[in-house]
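[1] Below is the sequence, then the predicted model.
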There are 2 protein chains.
Amino acid sequence: MKLDGIDKKILRFLMKDARRPILEIARNIGISGAAIHQRLKKLEASGLLSGSKFVINPKVLGYTTMAYIGIFLDKAMSNPRAVKALEKIPEVLECHYTTGNWSILIKVLCKDNEHLMHLLNKEIQQIEGVSRTETFISLNQQINRQISI
Amino acid sequence: MKLDGIDKKILRFLMKDARRPILEIARNIGISGAAIHQRLKKLEASGLLSGSKFVINPKVLGYTTMAYIGIFLDKAMSNPRAVKALEKIPEVLECHYTTGNWSILIKVLCKDNEHLMHLLNKEIQQIEGVSRTETFISLNQQINRQISI
DNA sequence: TTTGAAAGAACGTTCGT
DNA sequence: ACGAACGTTCTTTCAAA
């Protein structure tokens, strides 16, 4: 997939604000709305644009504690089964099958430390095959962005 | 901030597709467009809705290697200065100030392992005050979602 | 609070060029 | 890539339930 300068400009606009009107972008870039429309269709067809999302600020709902948890699995425990169990826990936002010490690295979002403790003791550790965990609390997320175009 | 059932339904629609027309959501939920309009304004004013983003699939652009890197900083190196340096590296998508072994945990996205190696050796390790790093390659990201409403 | 309606502006989309 | 045209959606407003 190759992007020219105009494609990149369009993407940079929409990645910041998915609701930005096409015509407004057209005016900013200096080409017609129809042209942008065509390009967006191409980008969509290529699979590069996989959708749009409203971004929510979890702090407003009281979710202030983010953490990464490295999980060690027993030999017998298959990764897919563990993932299936983790999917059912809504606090788990990401789950990665990683190289290195752990079998799995997950990112969780909790209301506070107590919530996190409960999540660890009553949810994560209770999953069959989970032998040990290592938790890293994010005291402050200082960068959060998508790939730069 | 308290959400009632209708708020939650609206959010669930928009979190999946930010471009979904309000009137269509209204029809699905069974209330008027004007009501949704009012609620969205409230949600925006509360700060819960912090914007919308087009989601890009980096694989289409050839970015297939995601990794987490734990960074050890020298005592002398202040966290803000390190973050400033990391901000300049576009491959760095997230940066967390964490408890535990490392000073900083970052998430990076690279085209391939070679790209990652270059990033580590020529960019990250070159930052003044970075003493050591530990890298965890994500072989497969199996969950990726926002907070559940 | 929500509704239904109504107005005008702005938008997405599709053409022929 | 353009510009015009059409149908839809958005925003805003208002009186009424």
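    It's in.

[2] roughly how far is the host helix or strand of A:Arg12 from the heart of the chain?
    Taking DSSP states H and E as the criterion, the element that holds A:Arg12 is helix A:5-16. Using CA atoms, centre = their mean, to the nearest Å, the distance from the centre of helix A:5-16 to the centre of the chain it belongs to is 20 Å.

[3] Please apply the same query to stretch A:102-109.
    13 Å.

[4] and the helix holding A:Arg12, which residues are buried?
    A:Asp7, A:Lys9, A:Ile10, A:Leu11, A:Phe13, A:Leu14, A:Met15 (16 or more other CB atoms under 10 Å in any protein chain shown). Any C-beta I mention is one placed from the backbone N, CA and C, and that applies to glycine too.

[5] The last one: what's it in contact with?
    If I follow you right, that is A:Met15. Taking CB atoms under 8 Å, 6 or more residues apart in numbering or on different chains, we find A:Met15 in contact with A:Gln146, A:Ile149, B:Lys53, B:Phe54, B:Ile56.

[6] Can you give the domain ranges for chain A?
    A:5-46, A:58-138 (the TED database).

[7] quick one, which of those is nearest to DNA strand C?
    Nearest to DNA strand C, of all the domains of chain A, is domain A:5-46, at 3.2 Å by CB to the nearest atom of the strand.

[8] Show me where chain A has its strands.
    A:49-56, A:65-73, A:92-98, A:104-110, A:130-144 (DSSP state E).

[9] quick one on the thing from earlier: tell me if the helix holding A:Arg12 is near DNA strand C.
    No: judged by CB under 7 Å from any atom of the strand, helix A:5-16 stays clear of DNA strand C, getting no closer than 9.8 Å.

[10] That helix versus strand A:49-56: what angle between them?
    If you take axes from the mean of the first three to the mean of the last three CA atoms, to 10 degrees, helix A:5-16 sits at 30 degrees to strand A:49-56.

[11] Only the C-alpha atoms, please, for helix A:5-16, written as CSV.
    Only the C-alpha atoms of helix A:5-16 are listed here, as CSV (Å, rounded to 0.1, in the frame of the first residue of the first chain):
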residue,chain,number,x,y,z
GLY,A,5,0.9,13.3,0.1
ILE,A,6,-2.8,14.0,-0.2
ASP,A,7,-3.7,10.6,1.2
LYS,A,8,-1.5,11.3,4.2
LYS,A,9,-3.1,14.7,4.7
ILE,A,10,-6.6,13.3,4.7
LEU,A,11,-5.6,10.5,7.1
ARG,A,12,-4.0,13.0,9.5
PHE,A,13,-7.2,14.9,9.7
LEU,A,14,-9.4,11.9,10.2
MET,A,15,-7.2,10.2,12.7
LYS,A,16,-7.6,13.2,14.9
